[in-house]
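[1] here is a sequence with its predicted model. Questions after.
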Amino acid sequence: MSLVGFSAVATVTLLLCVLTGPDRDDLDEFYTGYGSLSPMRNGLAIAGDYISAATVLGTSGVIALFGYDGVVLALSTALSLMLLMFLLAEPLRNAGRFTMGDALTRRMPGGRSVRITASVVTLASLLPLMLVQLAGTGQLMGFILGFSGESMQTGCIVGVGALMISYAAIGGMKGTALIQILKIVLLLGSGLVVAALMLHRFDWNPGALFDAAAAGSGTGDAFLASGLQFAGSASPGIDMISSHLTVVLGGACLPHITMRMYTADSARQVRRSMSWAVSAVALFVLVITVVGFGATALLGRAAVAGADPRGNTAYLLGTRAVFGAEVSTAETVLFTTVTTAIFLTVLASVAGMILACANSLAHDVFAARVREMTPRREMLLARLSAAAVGASAILLATLVQHHSLHPLITLSFCLGASAIAPALVYSLFWRRYTRTGLLATLIGGTVSVLVLMPGTNLVSGSPVAAFPDADFTWFPFTTTGLLSIPLGFLCGWLGTVASGGARAEEQRRQYEAVEGWILAGAIRGRP
């Protein structure tokens, strides 16, 4: 039944992309869908982009294995979206047009170097997330459908990757948005039913569920207290702060999330869209909390870790366990819906990331080289870029599918927090910020992450690291955020100070000329 569900979803979603994709050479239609989505639908699309397969499987696994620490991680993801809603959403919508490069160059006309750097950072931050979800597709399909052959898993990666490229190239922004909406409705709908069944098993008493999970964890009260996830760290408290700071600052600043801000047609619409998105994500945090704790309560922590050391199958294991020994037809249909929703989550998430990368390449790199590029040619370049990015992701995913992929997830969030977040905050709010400071922020934040990440225990020095047999750990924390985030902001400040008074004053006047529409939406302002 799962295979039938997967086939049906692939067919329906591809048909949706064909029907809703741009039918003429119009860049606004391809890049933003003309802002034609209502606030509710746009908000659901934002939530769909934000809730990736890594969130569904990875975060629920952390909850099942580490209890309280996993719940804090889930809440950090919701807090990140709230931070975007209150601080950056409206200025981003006012400053941007199609890509992050548009938003960053709004105050610095003609900044081709900024556009190219922004495109490189976009690729560097999203490609690791694409690899994680594509590489995990083969293992996920094998777990659900019951096969373990490497050739079958590789075939799944190639097939799913081809679908994702088709979504991005054919559907554009509007087509991928509809897939995200379908995904979030299926994911939330099936998840709420499973969570209700889980609570029913414990007489609708969350306290009883938590106590049973603590008993099944084998760690007792430590499961319901802070510190279990980072118990092996040299400084558990500081490591936890570094990890959650990275998630809060980096999660919602990734380019495939910020590009959804440009689809809103007004400041009021972007506020209402973000309200729907935050509500949907908060509701899903409750769902994975109940299902994650339920998996440990019903099966035990050892069984969850035995199926996958990272706990990535905990959501499916908890869903299966709540049915009991005798599974009815309705429960079989529900489990099929859950697996289909996760399959669609992988499809939709990576399609959105491919679209963000392709748009950045076509608009910020190729179109910026030509003074007057026709819309037809730019759309063709965007579609070719989607194919190139997708093919590269498929090839790399087949090579890394048997390694621990957690360092790649962390790398994406660290780049979002250390390079993109400082660049957006400075660009949107600091009058003195210069082009040199912006380049220093993007390059300095990215380089600091790339230098520090190989020294973490996610890469080597532990049984669940990417290279478990090696040990070249020298950085004492799980994520780089505690050092790389301040470095990103510091590089921006130093670059601005070093720009020179005349240049800084000129670029300050350029910012003041557009400050009204960036901060208050006084003018729609299109480049």
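    On my side now, so go ahead. On a predicted model such as this, the values are computed, not experimentally measured, just so you know. Numbering: from 1, shown residues only.

[2] what number of residues lie near A169?
    The burial count assigned to A169 is 23, neighbours taken as other CB atoms under 10 Å. In this view, the C-beta of every residue, glycine as well, is placed from N, C-alpha and C.

[3] was I right about it contacting R383?
    Yes: with contact defined as CB atoms under 8 Å, A169 and R383 form a contacting pair (4.3 Å).

[4] any residues in contact with both of the two?
    Common neighbours of A169 and R383, counting by CB atoms under 8 Å, 6 or more residues apart in numbering, are A358.

[5] dump the residue contacts of Q229.
    When the contact criterion is CB under 8 Å, 6+ apart, the partners of Q229 are V62, L65, F66, D69, G70, M240.

[6] now, the most widely separated pair of those residues?
    L65 and M240 (14.9 Å; CB to CB).

[7] the two - which one has more neighbours?
    A direct count of neighbours by other CB under 10 Å for L65 and M240 places L65 higher, at 25 against 20.

[8] the more buried one and A303, how far apart?
    In this structure, L65 lies at 11 Å from A303, with CB to CB, to the nearest Å as the measure.

[9] repeat that for G138.
    When G138 is compared with A303 (using CB to CB), they lie 23 Å apart.

[10] more neighbours: which of these two?
    Each of G138 and A303 had its neighbours counted (other CB under 10 Å), and the higher figure belongs to G138 (27 against 16).

[11] give me the nearest residue to that one, chain neighbours excluded.
    What sits nearest to G138 in space, not counting adjacent residues and going by CB to CB, 6 or more residues apart in numbering, is Q153, at 3.0 Å.

[12] ok, that neighbour touching F143?
    No: with contact defined as CB under 8 Å, Q153 does not count as touching F143 (10.3 Å).

[13] and these two? which has more neighbours close in?
    The residue with more neighbours, out of Q153 and F143, is Q153; 21 against 18, by other CB under 10 Å.

[14] tell me how far that one lies from L438.
    Per CB to CB, Q153 is found 42 Å from L438.

[15] equivalent analysis for W276, please.
    The spacing between W276 and L438, counted by CB to CB, is 32 Å.

[16] the more surrounded of those two?
    The residue with the greater number of neighbours, taking W276 and L438 and applying other CB under 10 Å, is L438; the counts read 28 against 19.

[17] can you classify that one as helix, strand or coil?
    helix (DSSP: H, G, I helix; E, B strand; the rest coil).

[18] now do the contacts for it.
    Applying CB under 8 Å, 6+ apart, one finds that L438 lies in contact with L104, M108, G111, V114, A423, Y426, S427, G492, G495.

[19] and if we set it to 10 Å?
    With contacts taken as CB atoms under 10 Å, 6 or more residues apart in numbering, L438 has the following neighbours: 104-105, 107-108, 111, 113-114, 117-118, 422-423, 426-427, 491-492, 495-496, 507.

[20] quick check on those: which are buried?
    Neighbour counting by 16 or more other CB atoms under 10 Å classes 104-105, 107-108, 111, 114, 117-118, 422-423, 426-427, 491-492, 495-496, 507 among these as buried.

[21] from these, which land in helices?
    Within these, residues falling in helices by DSSP state H are 104-105, 114, 117-118, 422-423, 426-427, 491-492, 495-496, 507.

[22] nearest to V350 among those residues?
    Distance ranking of those against V350, using CB to CB, places A118 first at 20.8 Å.

[23] show the pLDDT at that closest one.
    A118 carries a pLDDT score of 92 in this model.

[24] residues contacting it?
    Contacts of A118 were listed using CB under 10 Å, 6+ apart, and they are 99-105, 111, 255, 360, 364-365, 419-420, 423, 438-439, 442.

[25] any idea how far I485 is from it?
    Distance, A118 to I485, by CB to CB: 19 Å.

[26] same deal with H403?
    H403 sits at a distance of 26 Å from I485 (criterion: CB to CB).

[27] those two: who's more crowded?
    Per other CB under 10 Å, whichever of H403 and I485 has more neighbours is I485, with 25 against 14.

[28] packing partners of the helix or strand containing A303?
    Secondary-structure assignment from DSSP states H and E places A303 in helix 301-307. The criterion is 3 or more CB pairs under 10 Å, 6 or more residues apart in numbering; DSSP states H and E, and the helices and strands that helix 301-307 contacts are helix 60-66, helix 206-217, helix 267-299, helix 314-321.

[29] send me the first one as PDB with only the CA atoms.
    Coordinates of the C-alpha atoms in helix 60-66 are reproduced here as PDB (Å, rounded to 0.1, in the frame of the first residue of the first chain):
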ATOM      1  CA  SER A  60      11.500  13.200  16.400                       C
ATOM      2  CA  GLY A  61      14.500  10.900  16.700                       C
ATOM      3  CA  VAL A  62      16.300  13.300  19.100                       C
ATOM      4  CA  ILE A  63      13.100  13.500  21.200                       C
ATOM      5  CA  ALA A  64      12.900   9.700  21.300                       C
ATOM      6  CA  LEU A  65      16.500   9.200  22.300                       C
ATOM      7  CA  PHE A  66      17.100  12.200  24.500                       C
END
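
[30] residue ranges in the stretch 351-500 of the chain under the pLDDT threshold?
    When the per-residue scores of the stretch 351-500 of the chain are filtered using pLDDT under 70, the ranges that remain are 370-371.

[31] helix/strand/coil for the nearest residue in space to G492 that is not next to it in sequence?
    Spatial nearest neighbour of G492, excluding adjacent residues (CB to CB, 6+ apart): T441 at 3.6 Å. State at T441, reduced to three classes by three-state DSSP: helix.

[32] hang on, T441 packs against V425?
    Yes: distance between T441 and V425: 9.4 Å, which falls inside the contact criterion (CB atoms under 10 Å).

[33] name the residues contacting each of the two.
    Between them, T441 and V425 share these contacting residues under CB under 10 Å, 6+ apart: Y433, G488, F489, G492.

[34] for the second one, which non-adjacent residue is spatially closest?
    Just to be clear, that refers to G488. G445 (3.2 Å).

[35] burial of that neighbour, as a residue count?
    Residue crowding around G445 was assessed by other CB under 10 Å; the count is 31.

[36] same question for A234.
    For A234, using other CB under 10 Å, the count is 10.

[37] what sits against the nearest residue to it once chain neighbours are set aside?
    In this structure, A234 finds its nearest non-sequential neighbour in P476, 4.8 Å apart by CB to CB, 6+ apart. P476 is in contact with S233, A234, S235, I238, D239, S242, G455, T456, N457, L482, counting by CB under 10 Å, 6+ apart.

[38] by neighbour count, which of these wins?
    Neighbour counts for those peak at T456, which has 25 neighbours (criterion: other CB under 10 Å).

[39] for that residue, what are phi and psi?
    Backbone torsions of T456, given as degrees, to the nearest 10, read phi -80, psi 160.

[40] same question for the one 4 residues further on.
    When read as degrees, to the nearest 10, the backbone of S460 gives phi -150, psi 170.

[41] just to revisit the earlier point, tell me which entries of the contacts of P476 lie within strands.
    Secondary structure assignment by DSSP state E places none of the contacts of P476 in strands.

[42] now do the contacts for A282.
    Residues counted as contacts of A282 (CB under 10 Å, 6+ apart) are A47, A74, L75, T77, A78, L79, L81, M82.
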